[in-house]
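Asker: Turn this into a model:
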Amino acid sequence: MKSYCIEKNCIKCCIETDMLLSKDDVERIRKLGFDSKFFVIKKNGWLYLKNCNGRCFFHDGTKCLIYENRPEGCRLYPVIFDIDRKCAVLDDDCPYKDRFRISDLVVKKLYDVVLKIQKEKVLRNK
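Answerer: The predicted structure is shown next:
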C-alpha cells in the first residue's frame, strides 16, 4: 500500500525534523552502512536525527533514502506524543493530518517507543 505522503509528494515532516531516535533506530540505520556520527546528534541526553540543508539527513529533496528502514517515529508520523497533554495526537504541522486516524495499535506502538527512548536516555546519563 502506497503512503498518502508519498502519493502527494509531501515532505513537510522531513524539513527541520526533531525526530528522536532509539538505539534500535540507530543500529538499523548503521547496518545499512551509515556511520552514526553522520546522522545522529546528541542533545541533553537525547539522540536526534540530524538535519542537513534544512532536511532530514536521509532525505535527498525528492525521497527518503532509507524509507524501508526509517526510524520508528517516522513510521508512526503524523501521530506524535503530546508532552503537555501526555497523549497521542495528530501533529498540527502535518498538512494531511485529516487523512490519518489514531488507532489503538498505533497508540500502543507510540507509547512503547516513547518509553524505550526515555529509558535509553536515563541509561546514557548514568
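
Asker: who does the stretch of helix or strand Leu110 belongs to touch, helix- and strand-wise?
Answerer: Counting by DSSP states H and E, the element that carries Leu110 is helix 104-124. Counting contacts by 3 or more Cβ pairs under 8 Å, 6 or more residues apart in numbering; DSSP states H and E, helix 104-124 packs against strand 46-49, helix 72-76, strand 79-82, strand 87-90. Every C-beta, even on glycine, is put in place using the N, C-alpha and C of the backbone.

Asker: ok, residues contacting the worst-scoring helix or strand of the chain on mean pLDDT?
Answerer: One helix or strand of the chain scores below all others by mean pLDDT, DSSP states H and E: helix 4-7, with a mean of 80. The contact list for helix 4-7 (Cβ atoms under 8 Å, 6 or more residues apart in numbering) reads Cys10, Ile11, Cys13, Lys63, Tyr96, Arg99, Phe100.

Asker: tell me, how many neighbours does Arg75 end up with?
Answerer: 14 (other Cβ atoms under 10 Å).

Asker: Quick one, which of the helices and strands packed on helix 104-124 gets closest to Lys109.
Answerer: Closest approach to Lys109 among the helices and strands packed on helix 104-124 (Cβ to Cβ): helix 72-76, 6.1 Å.

Asker: Does anything pack onto the closest one? Which helices or strands?
Answerer: Checking 3+ Cβ pairs under 8 Å, 6+ apart, helix 72-76 ends up next to helix 23-30, helix 104-124.

Asker: what's the most buried one of the ones you listed?
Answerer: helix 23-30 (a mean of 17; mean count of other Cβ atoms under 10 Å).

Asker: How far off centre is it?
Answerer: 12 Å (Cα atoms, centre = their mean, to the nearest Å).

Asker: Brilliant, that's me finished.
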